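Chemist: Provide a 3D model corresponding to the input given below.
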Amino acid sequence: MRHAAHRAALLAGPLAFFALFFAYPVAAITDRGLRPDGVWQPGRVAEVLTDPGVAQVLWFTLWQAAASTALTLALALPGAYVFARLDFPGRRLLHAFVTVPFVLPTVVIGAAFLGLVGRGGLLDDLWGIRLNSSVWAILLAHAFFNYAVVVRTVGGLWAQLDPRQEEAARVLGASRFAAFRRVTLPALAPSVAAAGLMVYLFTFTSFGVVQILGSPRQATLEVEIYRQTAQLLDLPTAAVLTLVQFAAVGLLLAAHSWIVRRRESALALVDPARTARRPRGAADRALLGGTLAVIALLLVLPLAVLVERSLSGPDGYGLTHYRALAAEDGGTFAVPPLDAIGNSLSYAAVATLIALAVGGLAAAALTRRAGRFTRGFDALLMLPLGTSAVTVGFGFLIALDEPPLDLRSSWILVPLAQALVGVPFVVRVMLPVLRAVDERLREAAAVLGASPLRAWREVDLPLVRRALLVAAGFAFAVSLGEFGATVFIARADRPTLPVAVARLLGRAGELNYGQAMALSTVLMLTCLLTLLLLERLRPARSTELVA
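Modeler: This is a model prediction of the structure:
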């Protein structure tokens, strides 16, 4: 009974946060769409679902997500092995670098690939190849974005599998491939499936990448929701599409939760420091070389093009576009674009504090495994990553405009939206570390008269301090890059970096394009520095990115 009351007290804050700033706005905007005149219109649902245009959007969303997932797994699984089992110079730096694309806003990714494969891009200049408005640009950009999901999720488990099991199979006469297929692959299968589902989730809800790189005929559900909401003001259609996306995301998260539970209960793991070794033999060197080539072409080249385009001006290379960021243009922004850097940093700092408070309480409540309610709440925490950010942002404007939650003109609205995507990362980082704390230490503190708060301060906090810093870093990075909801609620005089990049890309002119590239480069470097710091702080047995 005491444990149940303690868990309920810990869950109260996170439940209230998600009810007020996630469930309420999403329900409000959906209700407004389905009841435009205060009367339910069930026929509208059937009308939207049978629309050939909507069917085409749904089909494109499904198959491009499947193709993106297959391409990402094919490119990233060798990398997962290399980072898990091979020790080579620069490994930690490279491990931090491959995560940079995942925390970059999708508009920046779109800008990077636009500079690589678009009109006037690097491939166009060199060989006359243009891939923008083609599905290949979208698939490659999705692989760029999700490479780290596979490397960290699968690689994190692979590094903890005991290599002696595979070695024993080889001693008994199995070939290297047979030993991998019969011993290692079955152990990795739940992790690969979990990573694949997460990649499918992120590509299923893709917005910025498709918006910038796709053609009008290439729209995901998220892009169509944005079009129906912001451009056509057709809330009924947007509401139905939101429900369709919500149902699909719910099924994906349920499958992910089931796979993760299987993974937690089936394996005996070892210290990752014992499994990495120097490359030996032609196969290891070929895998390492191939992985470095994929990273160079898929990850480094687009970001290098981003930097090159930011420095390329009408009079050659220089800082022209960076200097222009400090000037007021009176058109796109009410303030100099450079102000977006300070706005983003301050918003992300506040969002990180909110995410740590909400996610820390949720992780503490979920530490002791319990019944269906607790597992359901764990899945609920992941919903903001898969729910339409457009719906959340527009829902904020619709729902949070009356007392006592009249926040429509308040600056806190942006950090609240950013914290929604930060909380899942805090929970995913903190939960495995908290579960690793010996329960007997807490019980001993309680026997000695310590209150639950003092036991947390004296027992848990010293053991999880580094994981808390890692969680703060991830929350800060993803808050810095949040775009889908922020684009609706950021004020014209306080734009964030992703919003500023999107607005500059939406205007014609070489100077606007160069400024967009310059701001994207600033955001990329900020994320890289944050992730390098995380690699130095990351506990030896901490969780991986989304595992």
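
Chemist: Quick check: mean pLDDT of stretch 245-260?
Modeler: The average pLDDT for stretch 245-260 rounds to 75.

Chemist: Give me the distance from that stretch to the chain's centre.
Modeler: Centre-to-centre, stretch 245-260 and its host chain are 16 Å apart (CA atoms, centre = their mean, to the nearest Å).

Chemist: Also stretch 182-196?
Modeler: 22 Å.

Chemist: Okay, buried residues for it please.
Modeler: Val183, Thr184, Ala187, Leu188, Pro190, Ser191, Val192, Ala193, Ala194, Ala195, Gly196 (16 or more other CB atoms under 10 Å). No exception for glycine: its C-beta is placed from N, CA and C like everyone else's.

Chemist: swap in stretch 212-220?
Modeler: For stretch 212-220, the neighbour count (16+ other CB under 10 Å) marks Ile212, Leu213, Gly214, Gln218, Ala219, Thr220 as buried.

Chemist: Turn the residues you listed into JSON lines, columns for secondary structure and distance to Trp40.
Modeler: Shown next, in JSON lines, are the buried residues of stretch 212-220 (DSSP: H, G, I helix; E, B strand; the rest coil; distance: CB to CB, whole Å):
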{"residue": "Ile212", "secondary structure": "helix", "distance to Trp40": "37"}
{"residue": "Leu213", "secondary structure": "helix", "distance to Trp40": "38"}
{"residue": "Gly214", "secondary structure": "coil", "distance to Trp40": "34"}
{"residue": "Gln218", "secondary structure": "coil", "distance to Trp40": "33"}
{"residue": "Ala219", "secondary structure": "coil", "distance to Trp40": "27"}
{"residue": "Thr220", "secondary structure": "coil", "distance to Trp40": "27"}
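
Chemist: which among the residues you listed gets closest to Leu505?
Modeler: Leu505 lies nearest to Ile212 out of those, by CB to CB, at 6.8 Å.

Chemist: Now the closest one. Nearest residue, chain neighbours left out?
Modeler: Gly110 (3.0 Å; CB to CB, 6 or more residues apart in numbering).

Chemist: Can you list the low-confidence ranges for the stretch 1-150 of the chain?
Modeler: 1-7, 36-39, 41-42, 124, 126, 132 (pLDDT under 70).

Chemist: what about the helices in it?
Modeler: 2-18, 24-34, 42-49, 52-85, 91-97, 100-103, 106-117, 122-127, 135-158 (DSSP state H, counting those that start in this stretch).

Chemist: what does stretch 305-318 contact?
Modeler: With contacts defined as CB atoms under 8 Å, 6 or more residues apart in numbering, stretch 305-318 is touched by 108, 111-112, 115-116, 121-122, 319-322, 510, 513-514, 517-518, 520-521, 524.

Chemist: Among these, name the buried ones.
Modeler: Counted by 16+ other CB under 10 Å, those give 108, 111-112, 115-116, 121-122, 320-322, 513-514, 517-518, 520-521, 524 as buried.

Chemist: just to revisit the earlier point, now secondary structure, distance to Arg277 and pLDDT too, for the buried residues of stretch 182-196, in a markdown table please.
Modeler: Formatted as a markdown table, the buried residues of stretch 182-196 follow (DSSP: H, G, I helix; E, B strand; the rest coil; distance: CB to CB, whole Å; pLDDT from 0 to 100):
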| residue | secondary structure | distance to Arg277 | pLDDT |
| --- | --- | --- | --- |
| Val183 | helix | 18 | 70 |
| Thr184 | helix | 15 | 72 |
| Ala187 | helix | 19 | 75 |
| Leu188 | helix | 18 | 77 |
| Pro190 | helix | 25 | 75 |
| Ser191 | helix | 21 | 76 |
| Val192 | helix | 22 | 84 |
| Ala193 | helix | 27 | 82 |
| Ala194 | helix | 26 | 75 |
| Ala195 | helix | 24 | 81 |
| Gly196 | helix | 27 | 86 |
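
Chemist: Among those residues, which one sits closest to Ser346?
Modeler: Using CB to CB, these come closest to Ser346 at Ala195, 33.8 Å.

Chemist: Could you tell me how far the closest one is located from Val154?
Modeler: Ala195 sits 5 Å away from Val154, going by CB to CB, to the nearest Å.

Chemist: for the residue nearest to Ile212, what are its contacts?
Modeler: Ala141, Gly208, Val209, Gln211, Ile212, Leu213, Leu505.

Chemist: between those, which has the most around it?
Modeler: Ala141 (31 neighbours; other CB atoms under 10 Å).

Chemist: Which member of the contacts of Gly110 is positioned nearest Leu34?
Modeler: Looking across the contacts of Gly110 and measuring by CB to CB, the closest to Leu34 is Gln211, at 25.4 Å.

Chemist: who does the helix or strand that closest one falls within touch, helix- and strand-wise?
Modeler: Assigned by DSSP states H and E, Gln211 belongs to helix 208-213. Counting contacts by 3 or more CB pairs under 8 Å, 6 or more residues apart in numbering; DSSP states H and E, helix 208-213 packs against helix 106-117, helix 135-158, helix 221-226.

Chemist: ok, now with 10 Å
Modeler: When contacts are defined as 3 or more CB pairs under 10 Å, 6 or more residues apart in numbering; DSSP states H and E, helix 208-213 packs onto helix 52-85, helix 106-117, helix 135-158, helix 185-204, helix 221-226, helix 497-505.

Chemist: returning to that earlier point: make a markdown table from the contacts of Gly110 and add distance to Leu243 to it.
Modeler: A markdown table is the format used below for the contacts of Gly110 (distance: CB to CB, whole Å):
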| residue | distance to Leu243 |
| --- | --- |
| Ala141 | 27 |
| Gly208 | 22 |
| Val209 | 23 |
| Gln211 | 22 |
| Ile212 | 26 |
| Leu213 | 27 |
| Leu505 | 31 |
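
Chemist: which of those lies closest to Gly43?
Modeler: So of the contacts of Gly110, ranked by how close each gets to Gly43 (CB to CB), first place is Gln211, at 30.5 Å.

Chemist: So the closest one is in contact with Pro105, correct?
Modeler: No: here Gln211 lies out of contact with Pro105, judged by CB atoms under 10 Å, at a distance of 11.8 Å.

Chemist: Quickly list what's touching both of these two.
Modeler: Phe483, Ala502 (CB atoms under 10 Å, 6 or more residues apart in numbering).

Chemist: That's all I had, so thanks and see you.
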